[in-house]
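A.B. asks: Here is my input, please return the structure:
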Amino acid sequence: MNTKIEDFEVAHKSHFATALDEIKRGRKLTHWMWYIFPQIYGLGTSDMAKRYAICSLDEATAFAEHNTLGENLRNISGELLDLQGLTAFQIFGDIDVQKLQSSMTLFDAVCPNCVFEQVLDKYYGGERDKKTLCRLTLNDRVVNALNYIGVEVKDFNIVPGMYSFQRTRPTHRFSHIYRVMIGTALIAHKIKEPRLGLLAFIAAFIHDLARENDGHDTQHGRRAAETKLPKLTHLLSKYAIDSEEYDIIAKAATYHSEQLRSMVSDECFKTCKITSDADALDRCRFENREARLNVSYLYFNESRSCITPIDFICKESVRQSKIYTEIPFVEFIKVAQF
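C.D. replies: Residues are numbered from 1 along each chain as shown. Model (predicted):
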């Protein structure tokens, strides 16, 4: 039997009756949200949230179709519909009201036209949880963005021999580089710049390969432009990169790690900003809050809509242990699937 399903069964056996009674009385008082109304993985940060998080549509379907778990979820959701004169905030409080919306959004996707949709209609005016929807559609969004800028994912793979500095920590290794590449595609799709997105994508592909350490190394982007970009002869030819575009890629790689200054052309300046924003988005990988992203530093307002997708990809790459051993890009982007 599925271990997670067993965990849910144990939790429901111990706590469902209490949860149901509290909902019937119109006020959640104790702690049971994680396993009664589970959410998608990546939304909660506590150990309990991660333990009971739903990691795929298959898991969500298994929960919804389970004789006990699915029936319990429908029953307690039905009790919410029977309550009168109360808001979701009054029933659940300011934190769990968001978790309920997230859970209902997830299970509405698995079981449409059901009680979960009715709960969303009654308590949220039919509005789905945006972060949950983002996770559900993330794979399509990534694939569409990569197609938009015209890349073939099989062409862009990081292997250990490409690094100037053979590092052991994942901070600036392939998983970070791949996420920055994805970030450039997402941003370019948002700002409707496919060709500049391709140039930024190639810059992202090399941007950390010439690091000499995992700490303060302000010249690593410049070294990447000087030593790594010239080795991409086949790729540059395949994607018809001319001399002007080559210079733009070199500058984008250089200035992702140096202070961005006015460039000779708007196209160059914009490409540099795409690469810089994409690199900044992956600051979600740092546990130290002081090192994490300050959104005011992003150049494009559109980049803000890419924060949640990259955060999900980062968390999934860690959960699936795709951060230590180099894998092809086509394999890495599968973390976006749900």
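
A.B. asks: Roughly how far does His25 sit from Ile40?
C.D. replies: One correction, residue 25 is Arg, not His. Per CB to CB, to the nearest Å, Arg25 is found 28 Å from Ile40. C-beta here means a position set from N, CA and C on the backbone, and glycine is covered the same way.

A.B. asks: which residues sit in contact with Leu106?
C.D. replies: Counting by CB atoms under 8 Å, 6 or more residues apart in numbering, Leu106 touches Pro38, Gln39, Ile40, Ile54, Ala60, Thr132, Leu136.

A.B. asks: of all those, which two lie farthest apart?
C.D. replies: Distance extremes for those: the farthest pair is Pro38 and Leu136 at 14.4 Å, using CB to CB.

A.B. asks: the strands in the chain, which residues?
C.D. replies: Assigned by DSSP state E, the chain shows no strands.

A.B. asks: Just to check, Lys122 is in contact with Asp82?
C.D. replies: No: using CB atoms under 8 Å, Lys122 is not in contact with Asp82, being 10.2 Å away.

A.B. asks: Mind checking which of the two has more residues around it?
C.D. replies: Lys122 (14 against 8; other CB atoms under 10 Å).

A.B. asks: Tell me the pLDDT of the more buried one.
C.D. replies: pLDDT recorded at Lys122 is 98.

A.B. asks: and the closest residue to it other than its chain neighbours, how many residues sit next to it?
C.D. replies: Nearest non-adjacent residue to Lys122, counting by CB to CB, 6 or more residues apart in numbering: Leu81, 6.1 Å away. By the criterion of other CB under 10 Å, Leu81 has 13 neighbours.

A.B. asks: What of Gly161?
C.D. replies: 7.

A.B. asks: quick revisit: out of Arg25 and Ile40, which sits in the busier spot?
C.D. replies: Ile40 (27 against 12).

A.B. asks: Return the residues in contact with that one.
C.D. replies: Ala53, Ile54, Cys55, Ser102, Leu106, Lys131, Thr132, Arg135, Leu136, Phe338.

A.B. asks: so where's the protein shaky on pLDDT?
C.D. replies: Counting by pLDDT under 70, the low-confidence segments of the chain come to 1, 167-168, 257-264.

A.B. asks: Now do the domain split for it, please.
C.D. replies: With domains defined by automatic domain parsing, the chain comprises 3-127, 137-336.

A.B. asks: Would you state the helices of the stretch 201-338 of the chain in chain order?
C.D. replies: Counting by DSSP state H, counting those that start in this stretch, the segments of the stretch 201-338 of the chain that form helices are 220-227, 233-238, 243-255, 266-281, 307-319, 329-332.

A.B. asks: So for Ser296, which of these sits nearest?
C.D. replies: Short answer: helix 266-281, nearest of the helices of the stretch 201-338 of the chain by CB to CB, at 10.7 Å.

A.B. asks: Next, the angle from the closest one to helix 220-227.
C.D. replies: Per axes from the mean of the first three to the mean of the last three CA atoms, to 10 degrees, the angle that helix 266-281 makes with helix 220-227 is 130 degrees.

A.B. asks: Can you list the helices and strands that helix 266-281 packs against?
C.D. replies: helix 174-191, helix 194-206, helix 243-255 (3 or more CB pairs under 8 Å, 6 or more residues apart in numbering; DSSP states H and E).

A.B. asks: Tabulate those (TSV), appending distance to Asp279 and mean neighbour count.
C.D. replies: Below are the helices and strands packed on helix 266-281 laid out as TSV (distance: least, CB to CB, whole Å; neighbours: other CB atoms under 10 Å):
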stretch	distance to Asp279	mean neighbour count
helix 174-191	5	26
helix 194-206	7	27
helix 243-255	10	22
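
A.B. asks: For those helices, give me TSV that also has distance to Ala19.
C.D. replies: Formatted as TSV, these follow (distance: least, CB to CB, whole Å):
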stretch	distance to Ala19
helix 174-191	37
helix 194-206	46
helix 243-255	52
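
A.B. asks: Tell me if I'm right that Pro194 and Ile149 touch.
C.D. replies: Yes: proximity of Pro194 to Ile149 meets the contact threshold set by CB under 8 Å, at 5.0 Å.

A.B. asks: circling back: would you list the contacts of Ile40 in a markdown table and tack on distance to Phe89?
C.D. replies: Shown next, in a markdown table, are these (distance: CB to CB, whole Å):
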| residue | distance to Phe89 |
| --- | --- |
| Ala53 | 23 |
| Ile54 | 24 |
| Cys55 | 28 |
| Ser102 | 15 |
| Leu106 | 20 |
| Lys131 | 18 |
| Thr132 | 18 |
| Arg135 | 24 |
| Leu136 | 24 |
| Phe338 | 28 |
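
A.B. asks: Of the residues you listed, which pair is most distant in space?
C.D. replies: Greatest spatial distance among the contacts of Ile40 (CB to CB): Cys55 and Lys131, at 15.2 Å.

A.B. asks: ok so, going back, out of Pro38 and Leu136, which sits in the busier spot?
C.D. replies: Shown here are Pro38 and Leu136; by other CB under 10 Å, Pro38 has more neighbours (26 against 19).

A.B. asks: Just say which of the domains of the chain is most tucked in.
C.D. replies: Of all the domains of the chain, domain 137-336 has the most neighbours on average by mean count of other CB atoms under 10 Å, namely a mean of 19.

A.B. asks: give me phi/psi at the closest residue to Phe92 other than its chain neighbours?
C.D. replies: Distances taken as CB to CB, 6+ apart put Lys28 closest to Phe92, at 5.2 Å, once the chain neighbours are dropped. When read as degrees, to the nearest 10, the backbone of Lys28 gives phi -80, psi 130.
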